[in-house]
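*Asks:* everything below, folded, please.
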Amino acid sequence: MVNQTYIADVLVVGGGTGGTAAAIQAARRGAKTILVSEFPWLGGMLTSAGVSVPDGNELEAFQTGLWGAFLQELRQRQPGGLDNSWVSFFSYDPRIGAEIFADWVHELPNLHWISGQVPLEVFRQGDLITGVRFADFAVTAKIILDGTELGDLLALAEIPYRWGWELRSQWGEPSAPVTFNSLTQKYPVQAPTYVVIMQDFGEAIAPEIPAAPNYNPSEFTGAWDGYGAETFLNYGRLPGDRFMINWPICGNDYGQGVGGLIESDVSRGEFIQESRWHSQNFAHFIQNQLGRRYGLAEKVFPHASTAFALHPYYRESRRLVGLTTVREQDILPIAEGRVASIFNDAFAPGVCEAIAVGNYANDHHYPGVQFPLQPKSIRWGGRWTGTPFTIPYSCLIPATTDGFLVCEKNISVSHIANGATRLQPVVMGIGQAAGMAAAMCVELNCQPRDLPIRALQTALLEDNRSKTAIIPFFNLPPNRSDWLHWQLYYLNNPQTYPASGYCPFPSGNEYPDSAFDKASIRESNCFKGIFSCLDQQEYRFTVTAPAAYQGQNWQLVTLRSHIDEQLRAYPHEQLVTLWGRHNHSGNWLLVEHLNGG
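*Replies:* Okay, the predicted model is just below:
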């Protein structure tokens, strides 16, 4: 029985990465906002799902919007910094991530957060969504956003959605299968992972990790072959001698019966339990193989089994049938280029409707199966990264339903392209754009499909708290004085967007402002040594000073475009002085500043 009905401008259902960002942005814009989450932590993939070693949008130029603000807060709050793992440049205690999101929410008097609730019914009048019922209350709002992990509002509202694979004949995607087969049947969507955090207890003996039902060590045999145990553990190394276990090779990805996630509450619960048992068994296997030095981490997540995430890391959900669908060819590099199209003509002729940026490689997870995809990886800054791409506003809007937006992995995207659009920074950008759009629809008294796209883009670019890039350029960090000018220029002239991904500055090179440089250098250490260029975008550094590191050989990497330019111009075997941060797990030096010998 509904005991109370709340009235809001904007309702966000689901406190995941996208939903949290959407609620914060809508409220910061001034909308009376209600956020209803299932779990006691906000942030989804970045916190409650335990993926506190996120991928993508790592380059300085892409650290914008709420994603960039989140990284800045982490740098200030995380003792020992973020350079801990080798799979990501950002590795942090998930409790600190949850604190950041909670603080951002609590500072907004017009944002009301209710936790521990799931949607039970969606109210609608014809093609208009008007509200959502929960266990003992309901909310009516002008704009409602689906920020659930699995697109649950889409199903409750009977809004058309997709689940599973599309064939190549549908959109001409080069990596899509020609016919349905055993793979598409066994894994209709990518496998989730139930993340578990393990801990190095050092000289102490860790409590024994019991095996869960159906333990079969052969499932995990060879998990770190070719890597070694230490490298395997350092993949997701966290501060405090802890390790995020989210390992795809004979590890804890789990996709058996994944279709049960959307069949019924009972089948969803069964799948979640089985995936958690699978991770428990993997942790048991790790402890048996590597010794009782390693055990389950203590006091991480806010429930009884503190080492296990609050819910699985879902890589794919129900996917909206929207006004536009992001396909594989929309995230792949254009001919002879290093960037994808910026979605010119997707919504209307000659209009760029980008509202978020991503750059991760297309990455699919099917346990025990190698599924080839069209490559979109590139070398930049001395390392591998991914082709930048954009998300169009119209893939957030249902084809035939009003009063509604999506803001998670549930955007209108193909199964193939979802492998790149699902990453945490991209979803945070999607959420920020959806929240801004919802608030502006309230201001203008219009439906999302009628919101002027340029007004939304300008609001995102000029946001006074967390301005966000919507045109990707490798060499256009947000602290440049001409950043806004060039973002707007290429929105107005999308046909001139350069295939190189480099903004051609007519005034020559302008390095980022000195205050940013000084702050970065202050957090760095100074090293001297010999620079070697082994290949294009492959740099090594032999340390000569300080003495503690003398003779060590490190990879040189950077996230900053002007440092990348300097590294590319350096002659082989040059004596150099560098300022940067050494990452033991990756054996690299993240260069923040450099000069000659």
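
*Asks:* now the phi/psi pair for Trp66, please.
*Replies:* You called it Trp, but residue 66 is Leu. phi -60, psi -30 (degrees, to the nearest 10).

*Asks:* count of neighbours near it?
*Replies:* 26 (other Cβ atoms under 10 Å). Every C-beta, even on glycine, is put in place using the N, C-alpha and C of the backbone.

*Asks:* kindly state the pLDDT recorded for it?
*Replies:* At Leu66, the pLDDT value in this model is 98.

*Asks:* what does His365 give?
*Replies:* For His365, the predicted pLDDT is 97.

*Asks:* same check on Ala569?
*Replies:* So, for Ala569, pLDDT stands at 91.

*Asks:* any idea how far His562 is from it?
*Replies:* 11 Å (Cβ to Cβ, to the nearest Å).

*Asks:* the more surrounded of the two?
*Replies:* His562 (18 against 7).

*Asks:* can you verify Leu71 is assigned to a strand?
*Replies:* No. Leu71: not assigned to a strand; according to DSSP: H, G, I helix; E, B strand; the rest coil it is helix.

*Asks:* now it, nearest residue through space, not along the chain?
*Replies:* Leaving aside its sequence neighbours, Leu71 sits nearest to Gln63 (Cβ to Cβ, 6 or more residues apart in numbering; 5.6 Å).

*Asks:* for the one you found, what are its contacts?
*Replies:* Asn57, Leu71, Pro478, Leu559 (Cβ atoms under 8 Å, 6 or more residues apart in numbering).

*Asks:* what's the farthest-apart pair in those?
*Replies:* Farthest pair in the contacts of Gln63 (Cβ to Cβ) is Pro478 and Leu559. Separation: 13.2 Å.

*Asks:* for Ile521, give me the pLDDT.
*Replies:* For Ile521, pLDDT reads 58.

*Asks:* ranges for the helices of the protein?
*Replies:* Assigned by DSSP state H, the chain shows helices spanning 17-29, 65-77, 94-106, 152-156, 168-171, 182-186, 229-234, 265-290, 418-421, 424-444, 453-462, 483-492, 514-522, 561-569.

*Asks:* show me what contacts the residue nearest the centre of the chain?
*Replies:* Taking Cα atoms, centre = their mean, the centroid of the chain lies closest to Gln424, which sits 1.3 Å from it. Residues near Gln424 by Cβ under 8 Å, 6+ apart: Thr17, Met45, Leu46, Val51, Pro54, Asp55, Gly56.

*Asks:* most neighbours among those, please name it.
*Replies:* Going by other Cβ under 10 Å, Thr17 tops the contacts of Gln424 with 37 neighbours.

*Asks:* how close does that residue get to Gly44?
*Replies:* 4 Å.

*Asks:* which of the helices of the chain sits closest to Arg318?
*Replies:* helix 152-156 (5.0 Å).

*Asks:* for the closest one, packing partners?
*Replies:* For helix 152-156, the elements it packs on are strand 121-125, strand 137-146, judged by 3 or more Cβ pairs under 8 Å, 6 or more residues apart in numbering; DSSP states H and E.

*Asks:* give me the residues contacting it.
*Replies:* Outside helix 152-156, the residues touching it (Cβ under 8 Å, 6+ apart) are 13-14, 118-122, 132, 144, 146, 159, 161, 262, 318, 320, 404, 406, 410.

*Asks:* that one - what's its average pLDDT?
*Replies:* 98.

*Asks:* show me where pLDDT drops low in the stretch 201-350 of the chain?
*Replies:* By pLDDT under 70, the low-scoring segments of the stretch 201-350 of the chain are 344-347.

*Asks:* go again using 80 as the cut-off
*Replies:* 343-350 (pLDDT under 80).

*Asks:* before we move on, what about the chain?
*Replies:* 1-2, 343-350, 505-524, 595-597.

*Asks:* so Tyr92 touches Arg75, yeah?
*Replies:* No. Contact status for Tyr92 versus Arg75: not in contact, 9.3 Å apart, counting by Cβ atoms under 8 Å.

*Asks:* mind listing the shared neighbours of these two?
*Replies:* In contact with both Tyr92 and Arg75: Leu82, using Cβ under 8 Å, 6+ apart.

*Asks:* quick one: which of these two has more around it?
*Replies:* Set Tyr92 next to Arg75 and count neighbours by other Cβ under 10 Å: Tyr92 wins out with 29 against 14.

*Asks:* for that one, give me its contacts.
*Replies:* By Cβ under 8 Å, 6+ apart, Tyr92 lies in contact with Ser52, Leu74, Gln78, Leu82, Leu238, Pro239.

*Asks:* most widely separated two among those residues?
*Replies:* Farthest apart among the contacts of Tyr92 - using Cβ to Cβ - are Leu74 and Leu238, which lie 12.1 Å from each other.
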